[in-house]
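>>> with the input below, show me the fold.
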Amino acid sequence: MVWLFKLYENCRNDLLINRQVKFLGRCWMSDVSIVADVTGLNGSPSLDGLHHSVPVPPASAGFWRQWRAFSGPAFLVGVGYMDPGNWGTDLQAGATYRYDLLWVVALASLMAVVMQLIAARLGVVLGKDLAQACRDFYPKWTRWPNWLACEAAIAACDLAEVLGSAVALNLLFGIPLFWAVIITAFDVLLLLALQGLGMRMIEAVILVLVGTIGGCYAVEIFVLPQTQPDFLDMGRAMLTPTLGKDGMVVLAIGIIGATVMPHNLYLHSALVQSRRVNTDAPAIRRAIRFNSLDTVAALSVAFLVNAAILVLAAMVFHGRDGVTVRDGVTFTFGEETDWIRVAYLTLAPLLGTAAASTLFAIALLASGQSSTITGTLAGQVVMEGFMHWRLRPWVRRLVTRSVAIVPAIVIIGLRGDGSVTDLLVLSQVVLALQLPLAMFPLLHFTSSRARMGQFRNGWFLLGAGWLSAVLITALDFYGLPDALRKAWVVMVG
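Below is the predicted model of the structure:
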């Protein structure tokens, strides 16, 4: 009886009064609480400490005051669209085809906007995130496979952030890549401090990091004369899509596959619930409108950053078979090129200034750190939503980061610094496999009148959403056999 009393004490804050309890598990460690599984109704909200923590002004308040209150969640999600995993494909596209694949970056960003708009709508209308909706509306047997697939995708995405941050530390401070990877484990302290300060502080820090990334590229493209692009040529490339050159299709698939991240759909549907919105129809309609503006603004910034990476690579690398840096080391461009490292090392001698290479590394570090914060939040959302398990933020961060760091340490330790590109291939394979498991349930729920009522997807979101999901899935799986072959080579050496 003693352990039952302790169980009640630990879990009572997570139980809903007057709801039928179907199962209670024992709280087996002090940092975990198990939420009651209730019949047909919500459990406690995900990200409980942030849920409904941000007040919103009344409808009579001015437009800008309302927009400021609702803005933020999409920028947390938006960093996932400019994480280090995207940099490799954008750099390779610009170096190989100049501006010819700029339209693919725009198309991928447009599809990402559509999917995130739908994810935000789900969270606002149902008051559930995508993981909770899958748990409540799908058979019980789907919970474990869905949760495990999500965790694998989050760990894979975190692997890209580990590599990006580690490469940035290596380039800025000369820290060996092996030790730089280990140092990235300690960013758990940053997340722990931020979550203790509340949702608005997290959003403010992410906004500063995003602004750092954007500012670095603005300087490189608009200030440094060596990298100012031909904007007329860029416009023509955007308006005349082509895939006629050898290798374009594969790289286009890589750009699209690296853009839409499955964990962002779960995360966005939870983050929009941080706003204290009433449940009446006018309030929900207002929340949808302002969250839509937030989404379009944030992902537009992500598109501009990704486009800037491609344009910078086009200006510096296109038309070259390789480059020689100041110390006499020659880099030959090819399929196995580690574009992130080459971009940094070659920018200074090519441009005649160290400023561009330093800005590049700072932007890379900001990208890795901002993405790692949102990745941990996404991990909390899927664990709490699918399994009703709760971990303290620092425990959750250590678990996620450990899963990502272990393969990085093993492969880098055995094969050296040249394995960064191989590890990114592994991460993209896992993300491609998990993406349909997030997109199709999201569209299923938000297209249902029974679930969403008058706020279900309209004809535009319905058509654009299903078209985007089918196209992204088809392209991912079209390129999957080749990616799996590369991943097998990575694992067996």
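>>> what's the burial count for the closest residue to Gly88 other than its chain neighbours?
With sequence-adjacent residues excluded and distances taken as C-beta to C-beta, 6 or more residues apart in numbering, Gly88 is closest to Trp339, at 5.2 Å. (Each C-beta comes from the backbone N, C-alpha and C, glycine too.) Other residues near Trp339 come to 25 when the count uses other C-beta atoms under 10 Å.
>>> same thing with Pro73?
Pro73 has 27 nearby residues by other C-beta under 10 Å.
>>> same question, Val406
12.
>>> what's the separation between it and Ala185?
According to C-beta to C-beta, to the nearest Å, Val406 and Ala185 sit 10 Å apart.
>>> and what of Val395?
Counting by C-beta to C-beta - Val395 and Ala185 are separated by 13 Å.
>>> next one: Arg65
Where Ala185 is concerned, Arg65 sits at a distance of 41 Å (C-beta to C-beta).
>>> of these two, which one has the most company?
Legend: neighbour count by other C-beta under 10 Å for Arg65 and Ala185, higher for Ala185 (16 against 11).
>>> quick one: pLDDT of that one?
Looking at Ala185, its pLDDT reads 71.
>>> mind checking the SS state of it?
Assigned with DSSP: H, G, I helix; E, B strand; the rest coil, Ala185 falls in the helix class.
>>> hang on, isn't it packed against Ser402?
Yes - using C-beta atoms under 8 Å, Ala185 is in contact with Ser402, at 7.5 Å.
>>> okay, now the domains of this structure?
1-39, 62-492 (automatic domain parsing).
>>> for His51, find the nearest of these.
Closest of the domains of the chain to His51 is domain 62-492, at 5.7 Å (criterion: C-beta to C-beta).
>>> now do that closest one: distance to the chain's middle.
4 Å (C-alpha atoms, centre = their mean, to the nearest Å).
>>> follow-up on the earlier one: would you mind confirming that the residue nearest to Gly88 is in contact with Ala313?
Yes - the pair Trp339 / Ala313 is scored as a contact, 7.4 Å apart, by C-beta under 8 Å.
>>> and the strand or helix carrying Leu171, what does it pack onto?
If you go by DSSP states H and E, Leu171 is part of helix 143-173. If you count contacts as 3 or more C-beta pairs under 8 Å, 6 or more residues apart in numbering; DSSP states H and E, helix 143-173 packs onto helix 84-97, helix 130-137, helix 177-183, helix 262-271, helix 339-351, helix 355-382, helix 393-415, helix 420-446.
>>> let's have the ones you listed in JSON lines, adding distance to Leu467.
Below are the helices and strands packed on helix 143-173 laid out as JSON lines (distance: least, C-beta to C-beta, whole Å):
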{"stretch": "helix 84-97", "distance to Leu467": "22"}
{"stretch": "helix 130-137", "distance to Leu467": "20"}
{"stretch": "helix 177-183", "distance to Leu467": "39"}
{"stretch": "helix 262-271", "distance to Leu467": "16"}
{"stretch": "helix 339-351", "distance to Leu467": "31"}
{"stretch": "helix 355-382", "distance to Leu467": "25"}
{"stretch": "helix 393-415", "distance to Leu467": "33"}
{"stretch": "helix 420-446", "distance to Leu467": "10"}
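>>> of those helices, which is nearest Ile213?
helix 355-382 (4.6 Å).
>>> pLDDT averaged over the lengthiest helix in the chain - what is it?
In the chain, taking DSSP state H as the definition, the longest helix is helix 281-317. For helix 281-317, mean pLDDT is 90.
>>> whichever helix or strand comes after that helix pairs with which strands, parallel or anti?
Per DSSP H and E, the first helix or strand lying C-terminal to helix 281-317 is strand 322-324. Here strand 322-324 is paired, per DSSP bridges, with strand 330-332 (antiparallel).
>>> what comes up buried for the partner strand?
Phe331 (16 or more other C-beta atoms under 10 Å).
>>> ok, back up a step: now the helix holding Leu171: buried residues?
143, 146-147, 149-151, 153-172.
>>> can you check stretch 56-76 too?
Quick answer for stretch 56-76 (16+ other C-beta under 10 Å): 56, 66, 69-76.
>>> turn those residues into CSV, including secondary structure, pLDDT and distance to Val272.
Below are the buried residues of stretch 56-76 laid out as CSV (DSSP: H, G, I helix; E, B strand; the rest coil; pLDDT from 0 to 100; distance: C-beta to C-beta, whole Å):
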residue, secondary structure, pLDDT, distance to Val272
Val56, coil, 89, 11
Gln66, helix, 91, 14
Ala69, helix, 90, 12
Phe70, helix, 92, 8
Ser71, coil, 89, 11
Gly72, coil, 86, 10
Pro73, helix, 88, 5
Ala74, helix, 89, 9
Phe75, helix, 85, 12
Leu76, helix, 83, 10
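>>> for those, which one is nearest Phe333?
Looking across the buried residues of stretch 56-76 and measuring by C-beta to C-beta, the closest to Phe333 is Phe75, at 34.1 Å.
>>> close enough to count as contact, the closest one and Glu203?
Yes - if you go by C-beta under 8 Å, Phe75 and Glu203 touch, sitting 6.5 Å apart.
>>> got the confidence number for the nearest residue to Ala152 once chain neighbours are set aside?
Excluding the flanking residues, the one nearest Ala152 by C-beta to C-beta, 6+ apart is Val430, at 5.4 Å. Note for Val430: predicted pLDDT of 74.
>>> lowest-confidence helix or strand of this protein?
strand 21-23 (a mean of 32; mean pLDDT, DSSP states H and E).
>>> what's around Met387, how many residues?
Neighbour tally, Met387, other C-beta under 10 Å: 19.
>>> sorry, wrong one. I was asking about Phe455.
18.
>>> residue contacts, it?
121, 124-125, 284-285, 288 (C-beta atoms under 8 Å, 6 or more residues apart in numbering).
>>> taking these, please make a PyMOL selection of just the buried ones.
Listed next is the PyMOL selection for buried residues among those, using 16+ other C-beta under 10 Å:
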select buried, resi 121+124+125+284+288
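>>> between the longest helix of the chain and helix 355-382, how many degrees?
On the basis of axes from the mean of the first three to the mean of the last three C-alpha atoms, to 10 degrees, helix 281-317 is oriented at 150 degrees to helix 355-382.
>>> i'd like the first residue to be 143 from this point on
With 143 as the first residue, the last one maps to helix 423-459.
>>> which strands and helices lie in contact with helix 423-459?
Looks like helix 423-459 contacts helix 205-212, helix 215-220, helix 226-239, helix 244-268, helix 341-360, helix 481-493 (3+ C-beta pairs under 8 Å, 6+ apart).
>>> just for the stretch 393-542 of the chain, where's the confidence low?
Scanning the stretch 393-542 of the chain for pLDDT under 70 picks out 399, 467-470, 477-478, 488, 490-496, 535-536, 538-539, 542.
>>> how does it look with 80?
Judged by pLDDT under 80, the stretch 393-542 of the chain has its weakly predicted residues at 395-396, 398-402, 461-502, 505-518, 532-542.
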